[in-house]
Structure formats: structure tokens, C-alpha cells
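# The following block contains a protein sequence and its predicted model.
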Amino acid sequence: EAGVTQFPSHSVIEKGQTVTLRCDPISGHDNLYWYRRVMGKEIKFLLHFVKESKQDESGMPNNRFLAERTGGTYSTLKVQPAELEDSGVYFCASSQVGGNTQYFGPGTRLTVL
Amino acid sequence: GENVEQHPSTLSVQEGDSAVIKCTYSDSASNYFPWYKQELGKGPQLIIDIRSNVGEKKDQRIAVTLNKTAKHFSLHITETQPEDSAVYFCALITSGTYKYIFGTGTRLKVLA
């Protein structure tokens, strides 16, 4: 069974540009989460989808971040316009309905110059 | 909001020795406590977890203990091997949500 996949693995952009990250969860997992780790700090929750609906977006930093999960399958996280402080590793995770265990993807390392 | 303190931030041990990492939390309604291992270039991988109705769980060389009264939980790795070298994160689920709250991570180095 394929795990959680993320694309791209790395992205380097300039301040003010737009970047879109993609996450493909484990097949059949209705729950999808986005997290971010800024250099040396803890992994912080961004938001949680149940199928295509946003269940909890309390961790989204500001309105420059937009997450979508059309059709309840893969998800995208767009940052527009990117700022220097957006640099970090963005992780996606998925879990089954009613399951506590979250399975993480390899992450996307975003560098904003 | 809830936060999780994790110590130590770095830990070096000789191969064969034991390693212990501890996390403390404040929300007494937290009920699920997973531990993740992150190797270079990879995402966090679940290595062991424990629920609030259990005090200890063991899986081969890895064990987790939970003290609900003191609000702390610990990861114990015995007979450490070089391949145990990685960053370890504790986490918990806060009451009424599904989101993880993570500790800041511990970089474990096992010296051969």
C-alpha cells in the first residue's frame, strides 16, 4: 500500500511569488492534515480536512495560505504571496475515520528568499 | 493553548546503552500519545503509541510510559544501535480535536 506522498520535495522561491504544494493521502483515508516545521521548532498543526470539508483550520497563519481538497482526494496548499517567514518543511498526514494514528508524508521543504 | 515540553533537545549515547526522552503536558484531557521517529530526508514515522487508559507499552527495544497524574510520558530505547540515530518527536491529541500537538524534538545520536 502506498504511503502519503508529497510534491515537490523541495521548492525555492523569491519573496512575493506563489507556491502550491500537493499531498496525496493514503487511499481511503478521509482525514487529511497539514503541518509545518519552522527551523528547529516543533511541528505545528495548520489544518484538518474530513473528505473535502475543512474541519479545523485554526492553525493557518494568515490569509496568504489557502488549502483545498477538491473531491476529497488529494489536497493542495497554496501560499500567495510568499514571505520569508513561510520557509520551513510542510508535512501532510492522513488517517482513517475514527483513527488517532496519523501517517506522515516525507514533507516539502520550502525556502523563500 | 496546550503545549508539550520535550527534553532533552539532544542526546548522545554509546551503542548498547539506553536512551530516555521525556515529554510533559498540561491538558489533563489529552488521551492519545504517539512517538515519531524522523530520519534524514524522510517524514515522521510512528514507532509506538499509548492511550490514556494504559500506563506502559513495550515493543521489542522500545517502550513508552505514561504518568497521567504527573502529566508526563517517556520514550525508552534499550540496547541502542546506530540506526536508532534520528530525531524523535512526542505528540498528543488534545481533547475534542484530532490535531497533534508536538514536542520540539530530540536529536538522538548513537555512537558506535
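Noted; the coordinates are in hand. Because the structure is predicted, anything quoted here is derived from the model rather than measured.
# helix or strand for the residue nearest the centre of chain A, which one?
Nearest residue to the geometric centre of chain A (Cα atoms, centre = their mean): residue A:34, 3.5 Å. Assigned by DSSP states H and E, residue A:34 belongs to strand A:31-37.
# got the residues of chain B near chain A?
B:4, B:32, B:34, B:36, B:41-46, B:49, B:89, B:91, B:93, B:97-105 (Cβ under 8 Å from any Cβ of the partner chain). For the C-beta atoms, the positions are set from N, CA and C on the backbone; glycine is no exception.
# Would you mind checking those for buried ones?
Burial by neighbour count, 16 or more other Cβ atoms under 10 Å in any protein chain shown: within those this picks out B:4, B:32, B:34, B:36, B:43-44, B:49, B:89, B:91, B:93, B:98-105.
# Helices - which of those land there?
For these, not one is inside helices, with DSSP state H as the criterion.
# I'd like to know which of the residues you listed are part of strands.
Mapping these onto strands (DSSP state E) picks out B:4, B:32, B:34, B:36, B:49, B:89, B:91, B:93, B:100, B:101, B:102.
# wait, what's in contact with the first one?
When you say that, I think you mean residue B:4. Neighbouring residues of residue B:4 by Cβ atoms under 8 Å, 6 or more residues apart in numbering or on different chains: A:42, B:23, B:24, B:25, B:90, B:91, B:92, B:101, B:102, B:103.
# what's the neighbour count on residue 40?
If you meant another chain, say so; for now it's chain A. A count of nearby residues for residue A:40, using other Cβ atoms under 10 Å in any protein chain shown, gives 8.
# Hmm, no, I was thinking of chain B.
The number of residues packed near residue B:40 is 7, by other Cβ under 10 Å.
# how much space between it and chain A?
Noted for residue B:40: a distance of 11 Å to chain A, by Cβ to the nearest Cβ, to the nearest Å.
# Just read off the phi/psi values of that residue.
phi -60, psi 130 (degrees, to the nearest 10).
# Please name the nearest non-neighbouring residue to it.
Spatial nearest neighbour of residue B:40, excluding adjacent residues (Cβ to Cβ, 6 or more residues apart in numbering or on different chains): residue B:86 at 7.8 Å.
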